[in-house]
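Colleague: Would you be able to build a 3D model of this:
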Amino acid sequence: MGLESLTESAQPRATRPAKKRAAPTYARPSSKKQTVVFDEDARREYLTGFSRRKTQRRQAAHAHVQHLIRDEIRQARLAAAEARKRQAAENVRAERLAYGLADDSAQQDDDDDRLDRERDFESDEHRAHVTVQTLDLDEDAPLPKPRATPPPKPPTPRTTPAPPTVAAPSGSLTGILEPVVAHAAMSDHVFPTVAARTERERPTTYTSKAERMQERQRQRARNHAQAEKRRAQHRAQHAAKKSKTTKSRRS
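Modeller: Okay, here's the model as predicted:
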């Protein structure tokens, strides 16, 4: 009794604390499982849109190539226009120097002023060149004369060349014959040429596959009926011949 009172288990309201077990290393962490949710519309769009996306890529590539071609053509036109401007300015300057109308510096200033008054406007399909000029309201200034357009030329009548005349040989009677008869006598073909007889083209009939199949079936049926008829005739002939042989033996 004294030993039991001294033990720990015998003490009132005394409990041994429970030991915590360590979690096993192979156990998965306890977390909420994530579910994979598919977007059915996006999935259907992806699976059924291969041809459409291919067509869109092809159209985009075609549009890009067309844009590059238009850009290249525009650059070529700009370069050609600039070259024509420079050539025109050089031609005007050379003419003015040749006639002694103005010096090179004054002409250069005029060219610069003219270039300042000129503008180019471009778009993807069109190009416009605009020249700005000062409006002169002086009433005494002469008005520009309209350009006279030359009258249209009358159409030239067509002349058919006359057939060459062949000289009649000496001692022939073609000189005293009528012109038509003489021409026929001098020509190589005295008798008129007769056109060759052309065979009439047979009409071509076109039938469908079902009609051709039905025609083949009818032909097979006709062939089968004819074969059966021949077999029946052969059997009848053979039976008649056999009966005749049997009667001759009995007699």
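
Colleague: Regarding residue 71, what is its secondary structure?
Modeller: Put simply, residue 71 is helix when judged by DSSP: H, G, I helix; E, B strand; the rest coil.

Colleague: actually residue 32, not the one I wrote
Modeller: Put simply, residue 32 is coil when judged by three-state DSSP.

Colleague: got it, and residue 128?
Modeller: strand.

Colleague: Could I get the contacting residues of it?
Modeller: Counting by Cβ atoms under 8 Å, 6 or more residues apart in numbering, residue 128 touches 120, 121, 122. From N, CA and C alone the C-beta is placed, and that goes for glycine too.

Colleague: ok, the first one - contacts?
Modeller: If a contact means Cβ under 8 Å, 6+ apart, then residue 120 has 78, 81, 127, 128, 129, 130 as its contacts.

Colleague: Going along the chain, name the strands of the chain.
Modeller: Assigned by DSSP state E, the chain shows strands spanning 118-122, 127-131.

Colleague: Would you mind saying which of these lies nearest residue 86?
Modeller: strand 118-122 (13.0 Å; Cβ to Cβ).

Colleague: rewinding a little: any of the contacts of residue 120 buried? List them.
Modeller: Among the contacts of residue 120, none counts as buried by neighbour count (16 or more other Cβ atoms under 10 Å).

Colleague: and which of those is nearest to residue 53?
Modeller: Out of these, the member with the shortest distance to residue 53 (by Cβ to Cβ) is residue 127, at 36.2 Å.

Colleague: circling back: need the contacts of residue 120 in a markdown table (columns: pLDDT and distance to residue 220).
Modeller: As requested, the contacts of residue 120 are arranged in a markdown table below (pLDDT from 0 to 100; distance: Cβ to Cβ, whole Å):
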| residue | pLDDT | distance to residue 220 |
| --- | --- | --- |
| 78 | 89 | 78 |
| 81 | 88 | 80 |
| 127 | 72 | 75 |
| 128 | 78 | 78 |
| 129 | 73 | 81 |
| 130 | 74 | 84 |
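
Colleague: give the contact list for residue 247.
Modeller: By Cβ under 8 Å, 6+ apart, residue 247 has no neighbours at all.

Colleague: quick one: it and residue 236, what's the gap?
Modeller: To residue 236, residue 247 is 17 Å away according to Cβ to Cβ, to the nearest Å.

Colleague: residue ranges for the helices of the chain, please.
Modeller: Secondary structure of the chain, counting by DSSP state H: helices at 2-6, 40-47, 50-99, 104-116, 179-186, 209-250.

Colleague: Of those helices, give the one that comes closest to residue 198.
Modeller: helix 179-186 (27.2 Å).

Colleague: The helices of the chain into TSV, with extra columns for distance to residue 33?
Modeller: What follows is these, written out as TSV (distance: least, Cβ to Cβ, whole Å):
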stretch	distance to residue 33
helix 2-6	53
helix 40-47	22
helix 50-99	34
helix 104-116	78
helix 179-186	114
helix 209-250	61
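
Colleague: which of the contacts of residue 128 lies closest to residue 92?
Modeller: Of the contacts of residue 128, the one sitting nearest to residue 92 (Cβ to Cβ) turns out to be residue 120, at 19.6 Å.

Colleague: so the closest one bridges to which residues?
Modeller: Counting by DSSP bridges, residue 120 is bridged to residue 129.

Colleague: Quick one, grab the pLDDT at it.
Modeller: Note for residue 120: predicted pLDDT of 75.

Colleague: any chance of the contacts of residue 128 in a markdown table, plus distance to residue 66?
Modeller: Below are those laid out as a markdown table (distance: Cβ to Cβ, whole Å):
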| residue | distance to residue 66 |
| --- | --- |
| 120 | 22 |
| 121 | 22 |
| 122 | 17 |
